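Visitor: Predicted coordinates and the sequence they were generated for:
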Amino acid sequence: MRKSKTLRLVAVLLCCMLLVPAGAQAAASQPHSWAQAEVQQAISNGLVPLDLQGDYDQPITRQEFCRLAVALVEVTREQTIAQVLSDKGVSTADQSFTDTSDLYVLQCSALGIVNGYEDGSFVPNGNITRQEAAKMLYETAKVLGLSSGGTDLAYSDTSRIMPYAINAVKFVTGQGVMNGVGSNTFAPTGLYTREQAYVTFDRLRRALQQTGTGGALSATEIFNTCSPAVCYVEVYDQQGQVLGTGSAFAVESNGKLLTNYHVIQGVYSAKVKFPDGAVYDVQKVMAYDAARDVAVLKIDAQGLATLPLGDSSALVSGETVYTLGSPQGLENTIANGIISAVSRQVDGQNYIQTTAPISSGSSGGALLNEKGECVGITTGTLSGQNLNFAVPINDAKTYLQQDLNLTLEQLATERTTVTDQTVTMMGAQVSYTGQMVGGKPDGDGKAVWPDGNYYDGQFVEGLPWGQGVYYQADSGSTYTGSFVSGKIQGDGVLQFSNGDRYEGEFQNGMMHGQGVYYFQDGSRYEGPLVNGNFEGWGTYYKADGSYYQGQFRNDNFNGEGTLYDAAGNPVQSGYWVNGVCYEEYGAA
């Protein structure tokens, strides 16, 4: 179907308004720094004709786009375009335009990649808008057998995308072929330049390889293609002193980065450095999850190289993977290994286990499959055991649309309130509602465990600390009192579900120290306890008023003691063993 001539004229008028007057600036003989690596990759892969290797910042024409599309089809299919046309049963003889007989244009028209206008023209030297480029890339991909993989659009200017291009923009965005241009916009009517075309065509080539239309990328190809998107991270304290280093990677060209939360935890500022030497300050934290160890950062940048995000659920054990990051501060380092386990529980969280090295400084880097897709965020290792772990990328995707708009200093110091946020507490995932500082529960809050246990009270540095209430679901017991570093410690009251109650001192979660234990039948013990047992010199009062005073061990009369009646008269005195007096000293 041909486009409306009216729409074309409107687009041409808009383009003319945006064009720089002739001679106002010289065309770029080299790609911009953000595009250099990917442009070079496109040239190396035979996608860019020699005479188009220049004027990189100039808008690409419709005829030039057709030349790139033909090159991609031939490279991907490993056939001449004539063979491809023959296999599909189409011919250039069936195509004609009033203003061009260019063979590339006719070939692309025969394949359905491009079309003309209602008046029969093609306008070969016309410019291309970003939404038109998305449509033409989408049609090129369909010719080569790829049409799935779109994603919902969340751009602020999504409503400005023409209906004919909506599915195409979803496709190129979902496949990582095209990204937004900043401020969460797609800029559908913006011009599509040569360097943008070369970059997006090579990304489409990679996407086609990833779906089986091409083979796996070599380690060199993965490094050349992916490393421009991975950056070195340096973090600082309140005085501007270096606290540590890590890694991150760009997922949107407008400066959105992914990393581990622990890379930025408690820091006041940070800088990132890309392989081309560009250095940026981290402006804000858009999203974070301390439990899942994921953080989304924002820097003031445009045109960044990005990593396509893969499907971590599709990984299989034994699959080859690569890590890209800055181990020990050694920037832009690639290593390989295999998937040891696609799902491994560590501290209540699910991780990908791999033999690909992940050492200090690699945290926040990219775990890549053989297609060059990012399938995980490299997170940590068990030293000396070749046990390395990464957060599955599918877990991180859900945070990419959030924007908490927090500075690093705010995250480190300000008290915020959250509701039902998943956090890791004492090795388990809990649902937390309450105050947080630096991404950790701090202040008043309530943590609920999956088994129904809960703690409601004060927190410090992510742990119960201070006064609070702990309820244990399986036993029905409730403790009210003091906590230290996540443990019951100090004075408190433990109420058992059978009606028994203990009031007194606790240590390391156990009744330990001086206290009173009340039994549900009305009797009680007063005295010291050791690790939950009556131990030492104490008094046991029976419900009828009689009582034993003496030594206890293992919750019973053991040692010297005296039994008294309700009036306080001694009845039996001597040496007791497990509640029986074996050596009497005589009764008064």
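Guide: That came through, no problem.
Visitor: For the stretch 251-400 of the chain, which residues score under the pLDDT cut-off?
Guide: 383-385 (pLDDT under 70).
Visitor: those helices in the stretch 51-200 of the chain, which residues are they?
Guide: In the stretch 51-200 of the chain, the helices defined using DSSP state H, counting those that start in this stretch lie at 62-77, 81-88, 103-111, 130-143, 166-174, 194-210.
Visitor: which secondary structure elements does the first one contact?
Guide: In this case it means helix 62-77. Applying 3 or more CB pairs under 8 Å, 6 or more residues apart in numbering; DSSP states H and E, we find helix 62-77 packed against helix 81-88, helix 103-111, helix 130-143, helix 194-210. Backbone N, C-alpha and C define where each C-beta goes, glycine included.
Visitor: Provide the angle between the direction of that helix and the direction of helix 130-143.
Guide: 30 degrees (axes from the mean of the first three to the mean of the last three CA atoms, to 10 degrees).
Visitor: got the angle for helix 62-77 vs helix 194-210?
Guide: For helix 62-77 against helix 194-210, the angle by the same axes, to 10 degrees is 20 degrees.
Visitor: Adjust the sequence numbering to begin at 13 for everything that follows.
Guide: All right, first residue 13 from here; so that's helix 74-89.
Visitor: What count of nearby residues applies to the closest residue to residue 221 other than its chain neighbours?
Guide: Leaving aside its sequence neighbours, residue 221 sits nearest to residue 383 (CB to CB, 6 or more residues apart in numbering; 5.9 Å). By other CB atoms under 10 Å, 20 other residues sit near residue 383.
Visitor: you'd agree residue 383 is up against residue 233?
Guide: No. Using CB atoms under 8 Å, residue 383 is not in contact with residue 233; the gap is 10.2 Å.
Visitor: What pLDDT is listed against residue 30?
Guide: At residue 30, the model reports a pLDDT of 28.
Visitor: Pull out the buried positions in stretch 286-300.
Guide: Residues 286, 287, 292, 294, 295, 296, 297, 298, 299, 300 are the ones in stretch 286-300 that count as buried (16 or more other CB atoms under 10 Å).
Visitor: hmm, back to that, how about the helices of the stretch 63-212 of the chain, which one is nearest residue 410?
Guide: helix 178-186 (15.2 Å; CB to CB).
Visitor: And the helices of the stretch 63-212 of the chain: which comes nearest residue 441?
Guide: With CB to CB as the measure, helix 178-186 is the member of those nearest residue 441 (29.5 Å).
Visitor: what residues does that closest one touch?
Guide: 143, 146-147, 149-151, 153, 159, 161-165, 173, 189-191, 198, 200, 212, 216 (CB atoms under 8 Å, 6 or more residues apart in numbering).
Visitor: distance between it and the chain's centre?
Guide: Centroid separation for helix 178-186 versus its chain: 22 Å, with CA atoms, centre = their mean, to the nearest Å.
Visitor: then that helix to PDB, C-alphas only?
Guide: Provided in PDB are the C-alpha atoms of helix 178-186 (Å, rounded to 0.1, in the frame of the first residue of the first chain):
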ATOM      1  CA  ILE A 178       3.500   1.900  16.100                       C
ATOM      2  CA  ASN A 179       4.200  -1.900  15.700                       C
ATOM      3  CA  ALA A 180       7.500  -1.100  14.000                       C
ATOM      4  CA  VAL A 181       8.700   1.100  16.900                       C
ATOM      5  CA  LYS A 182       7.600  -1.600  19.400                       C
ATOM      6  CA  PHE A 183       9.700  -4.100  17.400                       C
ATOM      7  CA  VAL A 184      12.900  -2.000  17.100                       C
ATOM      8  CA  THR A 185      12.700  -0.900  20.700                       C
ATOM      9  CA  GLY A 186      12.100  -4.400  22.000                       C
END
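Visitor: Now do it, average pLDDT.
Guide: The average of the pLDDT scores along helix 178-186 is 90.
Visitor: Of all the residues in that helix, which ones are buried?
Guide: Those buried within helix 178-186 under the rule 16+ other CB under 10 Å are 178, 180, 181, 182, 183, 184, 185, 186.
Visitor: Take the residues you listed and lay them out in a markdown table including distance to residue 375.
Guide: Converted to a markdown table, the buried residues of helix 178-186 look like this (distance: CB to CB, whole Å):
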| residue | distance to residue 375 |
| --- | --- |
| 178 | 38 |
| 180 | 37 |
| 181 | 34 |
| 182 | 33 |
| 183 | 33 |
| 184 | 31 |
| 185 | 28 |
| 186 | 27 |
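Visitor: Name the nearest of those residues relative to residue 418.
Guide: Nearest to residue 418 among these is residue 185, at 25.9 Å by CB to CB.
Visitor: Give the residue spans of the protein that score low on pLDDT.
Guide: Residue ranges of the chain with pLDDT under 70: 13-40, 161, 222-228, 395-397, 598-600.
Visitor: so what strands line up beside the longest strand belonging to it?
Guide: The longest strand of the chain (DSSP state E) is strand 345-358. Counting by DSSP bridges, the strands paired with strand 345-358 are strand 332-337 (antiparallel), strand 361-366 (antiparallel).
Visitor: neighbouring contacts of the next helix-or-strand element following the last one?
Guide: Read it as strand 361-366. Next helix or strand after strand 361-366 toward the C-terminus (DSSP states H and E): strand 378-380. With contact meaning CB under 8 Å, 6+ apart, strand 378-380 is reached by 234, 238, 241-242, 259, 261, 319, 333-337, 364, 366, 368, 386-390, 402, 405.
Visitor: Please apply the same query to stretch 339-357.
Guide: 231, 234-235, 239, 242, 244, 257, 285, 287, 324, 327-338, 362-374, 399-401.
Visitor: try stretch 452-471
Guide: Applying CB under 8 Å, 6+ apart, the set of residues contacting stretch 452-471 from outside is 302, 427, 435, 437, 440-449, 472-486, 495.
Visitor: Name only those of those residues that count as buried.
Guide: By 16+ other CB under 10 Å, these give 302, 435, 437, 440-442, 444-449, 472, 474-477, 480-484, 495 as buried.
Visitor: What are the boundaries of the helices in the stretch 263-412 of the chain?
Guide: Here the stretch 263-412 of the chain has its helices, by DSSP H, counting those that start in this stretch, at 273-276, 405-409.
Visitor: Of all the helices of the stretch 63-212 of the chain, which one comes closest to residue 516?
Guide: That would be helix 178-186 among those, by CB to CB, at 61.6 Å.
Visitor: What angle do helix 206-222 and the closest one make with each other?
Guide: Here the directions of helix 178-186 and helix 206-222 differ by 80 degrees (the same axes, to 10 degrees).
Visitor: Chain neighbours aside, what residue packs nearest to residue 73?
Guide: Of all residues not flanking residue 73 in the chain, residue 137 sits nearest, at 5.0 Å (CB to CB, 6+ apart).
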